[in-house]
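# 3D, please:
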Amino acid sequence: MPVITFTISPEDEGERIDKYLSATLDGLSRSYIQKQIDNNGLMVNEKPVKSNYRIKTEDQVVFTIPEAIVPDINPENIPLDIVYEDEDVCIVNKPQGMVVHPSAGHYEGTLVNALLFHLEGRLSGINGVLRPGIVHRIDKDTSGLLIICKNDKAHECIAEQLKDHSCRRTYHAVVHGVLKDDEGTINAPIGRSKSDRKKMAVEEGGKEAVTHYKVLKRYRDHTYVECRLETGRTHQIRVHMAYIGHPLMGDPVYSGHKEPLSLNGQVLHAKTIGFVSPTTGEFKLFDSELPEHFLKVLRYLDSNG
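Alright, predicted model coming up:
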């Protein structure tokens, strides 16, 4: 069984152990962690503790996770907007609200379920049974283009381009406030937030993160921008724009602004993607139309400033 060990840092002292673990261990819910604690799956300083234990600096935490029973991920006939397909890859325009791949307790209705149906299982296996074909991802409430790999050779080719930053990815977004400069670059490392482990943040010691932005249109209290990713960190655009004081409209995690419209998440769309084709060696660039929920925001801003 997997055994995970931690040494508690001073900034985490006083937090409940179940809350700390749920924020630190991706994919494990607090209720699942509490169940494992009740089953003697947790030791602190070589002694069992309860879920309400308050951690202390230098505590030695050992958490045991039972071997996972890998579920069957079933193909589902969910409509997909496949904008391109060849023998190695396909490009999918993911709608807002769709989760990219299954995770603990969430095994239905994802992009992977749909891909297994539409591509009849022809997906790369490098990322395991829960993420077949997935070489990069976007958030549930972010819409737009994703590269899906149909075999391991294509997966390795695209993964290398993502790693060396040669894959071209541009996003459109609407942010709060009026950006003064027509364009700029945000070069600030991103890591797990030290104050809230469920968030990402600009943190010293985080991973290199570079976002280039360009103003497309200014409004009275908002700006329509294009963002080009040089790196691909979790929540990168959302974190970087909030860091410079211009969080995305509708962002439930990083904004905090009162929204003029009822939104179902951040106004962010992966509009273009470009890469060297594993099949032909030629550079391919794909563009997508803005989805209706994004256009609705732009129409509102055009009418109300």
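# who's the residue of the chain most remote from its centre bridged to?
What lies farthest from the middle of the chain is Lys47; by C-alpha atoms, centre = their mean that is 36.1 Å. Beta-bridge partners of Lys47, counted by DSSP bridges, are Val44.
# ok, and what's touching stretch 283-300?
The contact list for stretch 283-300, computed with C-beta atoms under 8 Å, 6 or more residues apart in numbering, reads 83-84, 91, 93, 95-96, 143-145, 168, 172, 174, 224, 249, 260-261, 263-264, 267, 269-277. (Glycine included, C-beta is placed from N, CA and C.)
# ok but His101 is inside a helix, no?
No - counting by DSSP: H, G, I helix; E, B strand; the rest coil, His101 is not found in a helix; it is coil.
# just for the protein, where's the confidence low?
1, 26-27, 67-71, 105, 305 (pLDDT under 70).
# walk me through the domains of it.
Listed domain ranges for the chain are 3-64, 69-164, 168-273+292-305 (source: automatic domain parsing).
# if I read this right, Leu115 contacts Leu146, doesn't it?
No - with contacts counted by C-beta atoms under 8 Å, Leu115 stays clear of Leu146, the gap being 9.9 Å.
# out of the domains of the chain, flag the one nearest Glu282.
Glu282 lies closest to domain 69-164 among those, at 11.2 Å (C-beta to C-beta).
# off-centre distance for that closest one?
On the basis of C-alpha atoms, centre = their mean, to the nearest Å, domain 69-164 sits 14 Å off its chain's mean C-alpha point.
# in strands only, show me the contacts of stretch 283-300.
Using DSSP state E, the members of the contacts of stretch 283-300 that fall in strands are 83-84, 91, 93, 143-145, 168, 172, 174, 224, 269-276.
# tell me the buried residues within those.
91, 93, 143-145, 168, 172, 174, 224, 269-276 (16 or more other C-beta atoms under 10 Å).
# now do the strands in the stretch 101-250 of the chain.
143-149, 168-176, 183-187, 190-192, 200-202, 210-218, 222-229 (DSSP state E, counting those that start in this stretch).
# single out the most deeply packed of those.
Mean neighbours per residue, mean count of other C-beta atoms under 10 Å, is largest over the strands of the stretch 101-250 of the chain for strand 143-149, with a mean of 26.
# can you spell out which helices and strands pack onto it?
strand 89-94, helix 152-163, strand 268-276 (3 or more C-beta pairs under 8 Å, 6 or more residues apart in numbering; DSSP states H and E).
# how about a markdown table for these, with distance to Pro10 added?
As requested, the helices and strands packed on strand 143-149 are exported to a markdown table (distance: least, C-beta to C-beta, whole Å):
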| stretch | distance to Pro10 |
| --- | --- |
| strand 89-94 | 41 |
| helix 152-163 | 34 |
| strand 268-276 | 35 |
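# contacts only, for Gly41.
Residues in contact with Gly41 (C-beta under 8 Å, 6+ apart) are 63-66.
# please repeat the previous calculation with a cut-off of 10 Å.
Contacts were defined as C-beta atoms under 10 Å, 6 or more residues apart in numbering; by that measure Gly41 touches 1, 3, 33, 35, 48, 62-66.
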